[in-house]
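Peer 1: model this:
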Amino acid sequence: MELNGYRIMWLFVFFDLPTETKKDKRNASQFRGNLLKDGFSMMQFSVYIRHCASGESADVHEKRINRLVPSLGKVSVLRITDKQFGMIINYLGKAKQENSNAPTQLELF
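Peer 2: Numbering: from 1, shown residues only. As a prediction, the model looks like this:
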């Protein structure tokens, strides 16, 4: 199967978790840590992204996220194609940043 920009996927996880109690803080920290263990990278403090070689791979990671969601707070997952991700515009202050290329990633089944 040939990889192309319409089959390669990106997963975005957006979340707003409570941090008022020690337990809340621990749950939020564990959630972030588990996203990192699953290959996500922090794009912004409560926005994590992951490159997936296919829709099937994205399905697997979405199921993992479903199991990791804390009992309190809001978590949203967005799936977009690599072509759509390539059109993202990022700014650091007023300076426009160049888009980074997709990571070199080998997936073994």
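Peer 1: quick one, what contacts the residue at minimal distance from the centre of the chain?
Peer 2: The centroid of the chain falls nearest to residue 49 when counting by Cα atoms, centre = their mean (2.4 Å). Counting by Cβ atoms under 8 Å, 6 or more residues apart in numbering, residue 49 makes contact with 10-13, 40-41, 43. Quick note: C-beta positions are derived from backbone N, CA and C, even for glycine.
Peer 1: buried ones among those?
Peer 2: Buried members of the contacts of residue 49, scored by 16 or more other Cβ atoms under 10 Å, are 10-13, 40.
Peer 1: local confidence estimate at residue 107?
Peer 2: Residue 107 carries a pLDDT value of 51.
Peer 1: quick one: contacts of the longest helix seen in the chain?
Peer 2: Counting by DSSP state H, the longest helix found in the chain is helix 22-37. By Cβ under 8 Å, 6+ apart, the surrounding residues in contact with helix 22-37 are 13, 15, 17-19, 42, 48, 65, 68-73, 75.
Peer 1: residues of it that come out buried?
Peer 2: By 16+ other Cβ under 10 Å, the buried positions in helix 22-37 come out as 27-28, 31-32, 35.
Peer 1: just how off-centre is that helix within its chain?
Peer 2: Averaging C-alpha positions (Cα atoms, centre = their mean, to the nearest Å) puts helix 22-37 15 Å from its chain's average.
Peer 1: what about the worst-scoring helix or strand of the chain on mean pLDDT, distance to the chain center?
Peer 2: None of the helices or strands of the chain scores lower by mean pLDDT, DSSP states H and E than strand 95-97, at a mean of 84. Taking Cα atoms, centre = their mean, one finds strand 95-97 lying 22 Å from the centre of the chain it belongs to.
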